[in-house]
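Asker: Predicted model and sequence below, questions to follow.
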Amino acid sequence: MNTTTTTAVPARTHLPDAPAPDVSAPDGQAPEALVREHAHRVRRHVAQMCANPEGGHLGGSVSMAEILATLYHAVLRVDPGDPAAPDRDVLILSKGHGALGLYAALAGRGFFPEELLSDYGNPDSPLTAHPNPAVPGVEMPTGSLGHGLALGVGTALDFRLSGADRRCFVVLGDGELQEGSVWEAAMMASALHLDQLVAVVDANGLQITGPVTAAMGEPGLAERWRGFGWAVHEVDGHDPAALRAAFCSTPDGDGRPAVVLARTVKGRGFPQVEGQARSHYARLTDRQVKRALRLLESEQRRSSGL
């Protein structure tokens, strides 16, 4: 019989009975190893969903696999049995085209059976191409880029006004930062000292048209966010330990909202399209899915030292 060990997450004081993050790992396994396992599962599920006749947004869904796995299994206080729990933390996927990754992460956390992921794209399925609040665990519908951070500002302000010890995480794409509404929201969050708000940028360097820098020049993301009054953390977006440390270090007590710039690789885990803009959207054949699953299995074995 497996034993279970638990690693504590820094406590927050106002809601001692808040739902806890899933930081238990079987057989003494480190939480980071558990997160990596769930990130691999996210990628496998995304590959299978991209075999749907309509295909799916592959590259940006798998680039944030470790981000979502770390949040759902080591940081967020959520209860899959009660998705609307009043004391839960909130995650908003502003880069709504990454919905496949979000659905896979939610299923892996237990919000709904993983078997239902195979219904993606079916006419009667709530698993649509962009986040659908009919899916347990999805907080808000997104997809039109640039609006998620403003929703996060309103959510964090609500937490402040109600005295709730909760946090709101907003996951954005680096191409999405070309939307002016992002910076309007960033300015407001800083002015209101919303330190319960954390923006997470999946900085994979690519958008559908090619490199982000080709569209807007060198982004200078860290300097830009600091200029708007945010605390900035720069990490390897495929390193669960670094991600968890950054997420758990906020708020840092000075009243600033925080942004985690997670450097990632678009299409991570799919060598044929890894780091390429053409990974943005894919329709995989059964043969391609089988090959992808074999490669992902090999990568998982290497990362776990087997």
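Answerer: Structure's in. What do you need?
Asker: what about residue 128, which helix or strand?
Answerer: Assigned by DSSP states H and E, residue 128 falls within no helix or strand.
Asker: residues in contact with it?
Answerer: When the contact criterion is C-beta atoms under 8 Å, 6 or more residues apart in numbering, the partners of residue 128 are 99, 121. From N, CA and C alone the C-beta is placed, and that goes for glycine too.
Asker: how about 10 Å then?
Answerer: Contacts were defined as C-beta atoms under 10 Å, 6 or more residues apart in numbering; by that measure residue 128 touches 96, 99, 103, 120-122, 134-135, 141, 143.
Asker: Got a quick ChimeraX command for the buried subset of those residues?
Answerer: Paste this into ChimeraX to select the buried members of those, with burial taken from 16 or more other C-beta atoms under 10 Å:
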select :96,99,103,120,121,135,141,143
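Asker: can I get the contacts of residue 128 in CSV with pLDDT, secondary structure and distance to residue 54?
Answerer: Formatted as CSV, the contacts of residue 128 follow (pLDDT from 0 to 100; DSSP: H, G, I helix; E, B strand; the rest coil; distance: C-beta to C-beta, whole Å):
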residue, pLDDT, secondary structure, distance to residue 54
96, 96, helix, 16
99, 98, helix, 13
103, 98, helix, 14
120, 96, coil, 9
121, 88, coil, 5
122, 92, coil, 10
134, 97, coil, 18
135, 98, coil, 17
141, 96, coil, 18
143, 88, coil, 15
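Asker: nearest to residue 171, of the contacts of residue 128?
Answerer: Proximity of these to residue 171, judged by C-beta to C-beta, is greatest for residue 96, which lies at 9.8 Å.
Asker: For that closest one, which residues are in contact?
Answerer: When the contact criterion is C-beta under 10 Å, 6+ apart, the partners of residue 96 are 57, 102, 128-132, 140-145, 147-148, 171, 173, 176.
Asker: which of these count as buried?
Answerer: The neighbour-count criterion (16+ other C-beta under 10 Å) marks 57, 102, 128-132, 140-143, 145, 147-148, 171, 173, 176 among these as buried.
Asker: Where do the strands of this structure begin and end?
Answerer: Assigned by DSSP state E, the strands in the chain fall at 4-6, 24-26, 90-93, 168-173, 197-203, 206-207, 210-211, 231-236, 258-263.
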